[in-house]
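Asker: Predicted structure and sequence below. I'll ask about it afterward.
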Number of protein chains: 2
Amino acid sequence: MANTNATGITRAQADEQLIQYIRSRVNLTNEEEAFILERFTLRLIEKKHFFIQAGDLLFEQAFIVQGTMRVYYLDIKSQEHVLYFGFQDWWVGDLASIQAQTPSQLNVQALEDTWILSFTQRGIEEILQFVPSMERMFRIMAQRTLAVLQKRFFLTVSASAEERYLELIKRHPNIEQLVAQHQIASYLGILPESLSRMKRQMIEQRKQVKP
Amino acid sequence: MANTNATGITRAQADEQLIQYIRSRVNLTNEEEAFILERFTLRLIEKKHFFIQAGDLLFEQAFIVQGTMRVYYLDIKSQEHVLYFGFQDWWVGDLASIQAQTPSQLNVQALEDTWILSFTQRGIEEILQFVPSMERMFRIMAQRTLAVLQKRFFLTVSASAEERYLELIKRHPNIEQLVAQHQIASYLGILPESLSRMKRQMIEQRKQVKP
DNA sequence: CGAAAATTTGACATGACTCAACTGGAGTGG
DNA sequence: CCACTCCAGTTGAGTCATGTCAAATTTTCG
């Protein structure tokens, strides 16, 4: 799974992609755009390596230029719980911990070689000071993340594991090619064994799902 | 439960409370403060009445001056799921729907007579235009809400109903005096019957909890 | 190729749900 | 002020989805 070898990404390409993203949300001058881009670092996170590990105090966030990541947290019983998968043009990081200025609770790991544009807390503070209109973008980012999480929460408490599974593959039809099954189980909030059984039953009952 | 008769609240008192809240997050001039306050409406929502009902397109939010509310959503099977309870100095509203400009998915109901300062989308837009620095406050608001929801999500997927119950009464020791037990069950994501049984078992096993 | 990891399968345990009945207190109207 | 209704809460019996533990099988990858 997730075996794509990272095609090389140039800084110019990455900048262009991020700027497109920002422009669609807020209007900036050329100087402002340049100022912002200077505060981002282009990095390659290799497959299975981490961008953020629980306990980190760096307060970094990143924009995914190309690749796939998973954001998860480890509970007291050492069980992993995937919060979400990050794809191209998504942001990853532990906004909650940045907000509270506490060590990261989340881990962000690359599922394949992944190019990101990351920024530090210092960088974002400079951006917000020099380009106050970026407050708006980050507000919208937080609201959007909130909306996604709220939807996820309701689905978790009101739908069965099977319904959640169907919703996931409907929303990300190729997810099973990108991430391992035990990680999907973790996202769904069930054990890998349960997901395996569930899929077999669904096939037996011809409830679709390709063999 | 929740039988407090609303003590009268004057507009001046409510304004003062909101301004204290805002001042602790962002610096404003007197004109800006006045401009903001003008866009808020002081309202009394009587016990069991609604501030927002699912389907509303008003995109309102409110600051709770005094009282208690519950924010819940109704799933396809007509089951209620409490997302959170709102107390004094909290904001209530469906930020996710405002973000997506879709009808509210949430209901916000007063559990006792409750005074709120509400604002409409138009009001907030005017505020953001005239006082851009308020973007910052709303960004922080969204991030804080996100942090709370993220914690709640992880607790829901990684802790048992009993652990969640203990966490709730630890965080809100007097919650059982404020809201009905079936609403607490709804918050915990279990049925009232299950909560009732759980409490009995905890008492039998002397795991504390007053009789 | 061979070790390690992922997935599948089996047998069994259990927490929470479902449905249904009962209890008790709060509010209402005669 | 009592009778009645209504709703919240409790209790019981049976079911089901998912977890637990353990082992077999397949896939991945060095």
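Answerer: That came through, no problem. Numbering: from 1, shown residues only, chains lettered A, B, ... in the order given.
Asker: and chain A, which of its residues are near DNA strand C?
Answerer: Within reach of DNA strand C by Cβ under 7 Å from any atom of the strand, chain A has these residues: A:Met1, A:Ala180, A:Gln181, A:His182, A:Pro192, A:Glu193, A:Leu195, A:Ser196, A:Arg197, A:Lys199, A:Arg200. To be clear about C-beta, it is placed using only N, CA and C from the backbone, and glycine gets the same treatment.
Asker: Let me have these in a markdown table, extended by distance to B:Phe50, neighbour count and secondary structure.
Answerer: Rendered in a markdown table, the data for the residues of chain A next to DNA strand C read as follows (distance: Cβ to Cβ, whole Å; neighbours: other Cβ atoms under 10 Å in any protein chain shown; DSSP: H, G, I helix; E, B strand; the rest coil):
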| residue | distance to B:Phe50 | neighbour count | secondary structure |
| --- | --- | --- | --- |
| A:Met1 | 47 | 13 | coil |
| A:Ala180 | 45 | 14 | coil |
| A:Gln181 | 43 | 13 | helix |
| A:His182 | 43 | 15 | helix |
| A:Pro192 | 43 | 14 | helix |
| A:Glu193 | 44 | 10 | helix |
| A:Leu195 | 39 | 20 | helix |
| A:Ser196 | 44 | 13 | helix |
| A:Arg197 | 43 | 12 | helix |
| A:Lys199 | 42 | 18 | helix |
| A:Arg200 | 45 | 11 | helix |
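Asker: Out of the residues you listed, which is nearest to B:Leu106?
Answerer: Proximity to B:Leu106 was ranked across these by Cβ to Cβ; first place goes to A:Leu195, at 30.4 Å.
Asker: And for the closest residue to that closest one other than its chain neighbours, the neighbour number?
Answerer: By the measure of Cβ to Cβ, 6 or more residues apart in numbering or on different chains, the closest residue to A:Leu195 outside its immediate chain neighbours is A:Ala185, 4.0 Å from it. The criterion is other Cβ atoms under 10 Å in any protein chain shown. On that basis, A:Ala185 has 21 neighbouring residues.
Asker: So A:Ala185: helix, strand or coil?
Answerer: Following DSSP: H, G, I helix; E, B strand; the rest coil, the label given to A:Ala185 is helix.
Asker: Wait, A:Leu44 touches A:Ser118, no?
Answerer: No. At 11.0 Å, A:Leu44 and A:Ser118 do not qualify as touching, with contact defined as Cβ atoms under 8 Å.
Asker: picking that back up, which residues touch the residue nearest to A:Leu195?
Answerer: Contact analysis of A:Ala185 by Cβ atoms under 8 Å, 6 or more residues apart in numbering or on different chains lists A:Leu191, A:Pro192, A:Ser194, A:Leu195.
Asker: let's see it at 10 Å
Answerer: Contacts for A:Ala185 (Cβ atoms under 10 Å, 6 or more residues apart in numbering or on different chains) come out as A:Glu80, A:Val82, A:Ala161, A:Tyr165, A:Leu191, A:Pro192, A:Glu193, A:Ser194, A:Leu195, A:Ser196, A:Met198.
Asker: A:Val148 now?
Answerer: Listed by Cβ under 10 Å, 6+ apart, the contact partners of A:Val148 are A:Leu83, A:Tyr84, A:Trp90, B:Ala96, B:Gln99, B:Leu146.
Asker: Kindly report the same for A:Ile190.
Answerer: With contacts taken as Cβ under 10 Å, 6+ apart, A:Ile190 has the following neighbours: A:Ser160, A:Ala161, A:Glu162, A:Arg164, A:Tyr165, A:Ile184, A:Arg197, A:Met198, B:Val157.
Asker: Run a quick neighbour tally on the fifth one.
Answerer: Same thing as A:Tyr165. Other residues within reach of A:Tyr165, judged by other Cβ under 10 Å, total 21.
Asker: three-state assignment of it?
Answerer: Counting by three-state DSSP, the three-state call for A:Tyr165 is helix.
Asker: how far away is it from B:Thr120?
Answerer: 39 Å (Cβ to Cβ, to the nearest Å).
Asker: got the residues of chain A near DNA strand D?
Answerer: Contact residues of chain A with respect to DNA strand D, defined by Cβ under 7 Å from any atom of the strand, are listed as A:Met1, A:Asn3, A:Ser160, A:Ala161, A:Glu162, A:Gly189, A:Ile190, A:Leu191, A:Glu193, A:Ser194, A:Arg197, A:Met198.
Asker: okay, those in JSON lines with distance to B:Val108, secondary structure and pLDDT next?
Answerer: Formatted as JSON lines, those follow (distance: Cβ to Cβ, whole Å; DSSP: H, G, I helix; E, B strand; the rest coil; pLDDT from 0 to 100):
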{"residue": "A:Met1", "distance to B:Val108": "43", "secondary structure": "coil", "pLDDT": "52"}
{"residue": "A:Asn3", "distance to B:Val108": "48", "secondary structure": "coil", "pLDDT": "43"}
{"residue": "A:Ser160", "distance to B:Val108": "27", "secondary structure": "coil", "pLDDT": "95"}
{"residue": "A:Ala161", "distance to B:Val108": "30", "secondary structure": "helix", "pLDDT": "96"}
{"residue": "A:Glu162", "distance to B:Val108": "31", "secondary structure": "helix", "pLDDT": "95"}
{"residue": "A:Gly189", "distance to B:Val108": "27", "secondary structure": "coil", "pLDDT": "96"}
{"residue": "A:Ile190", "distance to B:Val108": "32", "secondary structure": "coil", "pLDDT": "96"}
{"residue": "A:Leu191", "distance to B:Val108": "36", "secondary structure": "coil", "pLDDT": "96"}
{"residue": "A:Glu193", "distance to B:Val108": "40", "secondary structure": "helix", "pLDDT": "96"}
{"residue": "A:Ser194", "distance to B:Val108": "36", "secondary structure": "helix", "pLDDT": "97"}
{"residue": "A:Arg197", "distance to B:Val108": "40", "secondary structure": "helix", "pLDDT": "96"}
{"residue": "A:Met198", "distance to B:Val108": "36", "secondary structure": "helix", "pLDDT": "95"}
